[in-house]
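J.: here's my sequence, what's the structure:
(one chain, ligands or ions: 1)
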Amino acid sequence: MLSLPSDPGLGRELAHFLGSRYSETIYKVFPDGESYLRFPEISDDVVMLVLTSYPDQNRSLLELLFSVELLSSKGINEIYAVVPYLAYGRQDKEFLSWEIVSGRAVLKIMRHVGLKKLFVVDFHSEKLLEEFSDLLTNILPIKTFGQYLKNKIEEPYILIAPDVGASRRVKLVAEYLNKEYVIIRKIRDRVTGEITHELPNNLDVRGVNAVIIDDIISTGGTIASIAKHLAMKGAQRIYVLASHGLFTADSLNKLRFSGVSKVAVLNTVRYRLTSDLIEYLDVTGEVAEQIKENLT
Ligand code: R5P
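T.: Sure, this is the predicted structure:
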């Protein structure tokens with residue numbers, strides 16, 4: 001297990017869970033901004049790199065490519081990576097003609113340079129998961145979310161998928177807990193990027209807690225918009241579970257002012273906000289279990 005500079009703190013524990021050796025890289029950034037990495041001498045046939053791609057997605061992904069290239073040129077064939085948050089998943093097709101499909105480009109380059117398997121947590125794009133099924137293993141944090149809900153959220157509550165794309169994740173959590181869930185309709189203007197939401201007319205949340213489950217919180221706009229609707233419909237408390245808390249710009253204020261009581265996110269990025277609104281959940285155990293299952 002080789003921890004790259006952007007490892008969000010999973011490497012050492014993963015190595016422990018998987019019973020493998022753990023090493024770190026020697027790392028510096030030159031004054032002009034270029035990355036320098038040096039590995040300890042490796043005699044293993046299998047190497048697993050651990051890193052994440054937020055913040056500084058471009059640098060961390062390039063450092064992954066440099067690393068795979070070096071390992072491959074040293075004759076190591078079994079090169080795997082664990083990237084709990086894999087950036088660029090949202091640009092998985094040309095929404096407007098001649099847009100760069102960065103999600104596909106990143107994965108193609110990784111495969112080309114010699115990466116054999118890439119373990120990701122809750123990757124955004126179903127499309128790329130299908131297209132790169134030989135490379136990608138997607139780990140959905142169903143147990144981590146399910147246990148958190150069981151232990152922390154007061155009944156009665158209803159599970160909410162913020163759009164159709166989020167419904168698979170929410171369905172699996174609902175099955176784990178034996179609960180019902182609701183899907184919200186999302187309408188996005190591709191040019192302005194403006195998003196609106198439509199809640200089902202018959203959705204009754206009066207006196208009930210609502211739990212919105214999504215993959216990414218970036219600007220907080222998606223969650224804030226839905227939370228406002230739920231608050232207007234009389235939801236008691238609004239909770240949010242998301243895999244990746246990027247929390248850009250003033251997302252925290254947006255979430256707070258939309259009526260959200262608590263946001264729980266996973267430890268998939270190398271960035272932690274300290275706030276009474278946010279709680280971090282450790283997904284390392286679930287990742288280790290899935291890696292074990294997939295590699296044996
Ligand atoms: C969109 O399809 C994603 O699943 C997330 O809902 C979205 O990326 C969240 O972004 P933001 O926090 O900026 O609304």
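J.: now do the contacts for residue 67.
T.: Taking CB atoms under 8 Å, 6 or more residues apart in numbering as the criterion, residue 67 is in contact with 2, 4, 25, 37, 39, 49. All C-beta atoms are positioned from the backbone trio N, CA, C, and that covers glycine.
J.: actually, residue 103.
T.: 88, 89, 90, 91, 92, 125, 128.
J.: kindly export the longest helix seen in the chain (C-alpha atoms) in PDB.
T.: When the chain is parsed with DSSP state H, its longest helix is helix 57-73. In PDB, the C-alpha atoms belonging to helix 57-73 read as follows (Å, rounded to 0.1, in the frame of the first residue of the first chain):
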ATOM      1  CA  GLN A  57      -7.800  17.500  -8.700                       C
ATOM      2  CA  ASN A  58      -5.400  18.200 -11.600                       C
ATOM      3  CA  ARG A  59      -2.200  17.900  -9.500                       C
ATOM      4  CA  SER A  60      -3.300  14.700  -7.700                       C
ATOM      5  CA  LEU A  61      -4.500  13.000 -10.900                       C
ATOM      6  CA  LEU A  62      -1.200  13.900 -12.600                       C
ATOM      7  CA  GLU A  63       0.700  12.500  -9.700                       C
ATOM      8  CA  LEU A  64      -1.200   9.300  -9.900                       C
ATOM      9  CA  LEU A  65      -0.300   9.000 -13.600                       C
ATOM     10  CA  PHE A  66       3.400   9.700 -12.900                       C
ATOM     11  CA  SER A  67       3.300   7.000 -10.200                       C
ATOM     12  CA  VAL A  68       1.600   4.400 -12.400                       C
ATOM     13  CA  GLU A  69       4.100   5.100 -15.200                       C
ATOM     14  CA  LEU A  70       7.100   4.600 -12.900                       C
ATOM     15  CA  LEU A  71       5.800   1.400 -11.400                       C
ATOM     16  CA  SER A  72       4.900   0.100 -14.800                       C
ATOM     17  CA  SER A  73       8.400   0.900 -16.200                       C
END
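J.: could you check how far it is from the centre of its chain?
T.: Taking CA atoms, centre = their mean, to the nearest Å, the mean C-alpha location of helix 57-73 is offset from the chain mean by 20 Å.
J.: quick one: buried residues of it?
T.: By 16 or more other CB atoms under 10 Å, the buried positions in helix 57-73 come out as 57, 59, 60, 61, 63, 64, 65, 67, 68, 70, 71, 72.
J.: also stretch 194-214?
T.: 195, 197, 199, 205, 208, 209, 210, 211, 212, 213, 214.
J.: what is the end-to-end distance of that stretch?
T.: Stretch 194-214 has an end-to-end distance of 18 Å (CA to CA, to the nearest Å).
J.: quick one: average pLDDT of it?
T.: The average pLDDT within stretch 194-214 is 93.
J.: do that stretch and the ligand meet?
T.: Yes - applying CB under 6 Å from any ligand atom, one finds that stretch 194-214 is in contact with the ligand at residue 214.
J.: how far off centre is that stretch?
T.: Computed by CA atoms, centre = their mean, the chain-centroid distance of stretch 194-214 equals 23 Å.
J.: ok so, going back, now list the buried members of the contacts of residue 67.
T.: For the contacts of residue 67, buried by 16+ other CB under 10 Å: 2, 4, 25, 39, 49.
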